[in-house]
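Quick one: sequence and predicted model below, then my questions.
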Amino acid sequence: MENKKLEKLIGSVDKLLKFFTEKKEVFEAVKVKDSDVSIESAMEIGADVSISTSNGSEPATDGVYSLENDKVITVKDGKIESIQGGEEAKPADEELADEAGAESTTEDEKPKEDEAVKALEGRVKSLEDTIKTLMDSINAVPSKQDVSEFKNQLLTVNDSIIALSKIPTEKSRDSRPEMKDSQEDSIKRVASLFYKQ
């Protein structure tokens, strides 16, 4: 039973770690103009594209798609090659060249990224500490076997107490000399009870 709790805890921790460490893409579903087909993608160059119809979803075929949001996307090998409209569209290779040039200008952004990485590392460390605390508390809780052994020990002690209570004890010996009434004093005391003077 504890193994199941432990497995459930580990699964929850894995989900938390994935939540905090994975990059999330925002997918959009936009209808193609004059069609009942929708395009599903992150709407960025190089992103995978799928076509959603009433029969299900499948990878997009190569071609140009005019969307209802006034964007025109070009798909090649199931990925967005260019986007026109809304934003200035650039082919994928020009986008990569711009990104390479932008890397030299984003040196000011590098400290911000380092701070973000440090913040994430701090969050991961906090999660690890929480997990350790949870694991310690799970180990501190007595198992059913521990409780059963303790119960058996208590029953044994209780049986011993019951057995000892049945053994007669010896009266204490008084080493003081007893003062015995004489026979005459005993009779006078009894007679005084019957006859009041």
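Perfect, thanks for sending it.

Show me which helix runs longest in the protein.
Longest helix in the chain, counting residues (DSSP state H): helix 109-140.

That helix: what's the following helix or strand?
Following helix 109-140 in sequence order, the next helix or strand is helix 144-165 (DSSP states H and E).

What mean pLDDT does that following helix get?
Helix 144-165 shows a mean pLDDT of 88 in the predicted model.

thought Gly63 was touching Val75?
Yes. Here Gly63 reaches Val75: they are 5.9 Å apart, a contact under C-beta atoms under 8 Å. Where C-beta positions appear, they are placed from N, C-alpha and C, glycine not excepted.

Neighbour count for these two, which is higher?
Between Gly63 and Val75, Val75 has the larger neighbour count (other C-beta atoms under 10 Å), namely 21 against 9.

Quick one: residues contacting the more buried one.
Val49, Ala60, Thr61, Asp62, Gly63, Val64, Tyr65, Glu81 (C-beta atoms under 8 Å, 6 or more residues apart in numbering).

same thing but at 6 Å, please
Listed by C-beta atoms under 6 Å, 6 or more residues apart in numbering, the contact set of Val75 reads Val49, Ala60, Asp62, Gly63.

Nearest spatial neighbour of the third one, chain-adjacent residues omitted?
What sits nearest to Asp62 in space, not counting adjacent residues and going by C-beta to C-beta, 6 or more residues apart in numbering, is Lys76, at 5.2 Å.

can you give me the strands for this protein?
Along the chain, counting by DSSP state E, strands occupy 28-31, 38-41, 49-53, 56-59, 63-66, 72-76, 79-84.

mind listing what the residue lying closest to Lys71 once chain neighbours are set aside touches?
Closest residue in space to Lys71, ignoring its immediate chain neighbours: Gly85 at 4.3 Å, by C-beta to C-beta, 6+ apart. Each residue near Gly85 by C-beta under 6 Å, 6+ apart is listed here: Asp70, Lys71, Val72.

How much space separates the second one from Pro111?
Think Lys71. Relative to Pro111, Lys71 is positioned 35 Å away (C-beta to C-beta, to the nearest Å).

which of these two has more neighbours?
Ranked by neighbour count (other C-beta under 10 Å), Lys71 and Pro111 place Lys71 first, with 18 against 9.

May I have the phi/psi pair for that one?
The phi/psi pair for Lys71 (degrees, to the nearest 10) reads phi -100, psi 150.

heads up, I number from 371, so please use that
Understood, numbering begins at 371; the last thing we discussed is Lys441.

hey, which helix or strand in the chain has the poorest pLDDT?
helix 462-475 (a mean of 51; mean pLDDT, DSSP states H and E).

Could you report the neighbour count for the residue nearest to Asp432?
15.

Please tell me how far Leu497 sits from Met413.
In terms of C-beta to C-beta, Leu497 sits 32 Å off from Met413.

An error on my part: the question was meant for Asp529.
77 Å.

So which of those two has more stuff around it?
Met413 (21 against 10).

Please name the residues that touch that one.
Counting by C-beta under 6 Å, 6+ apart, the residues that Met413 touches are Glu398.
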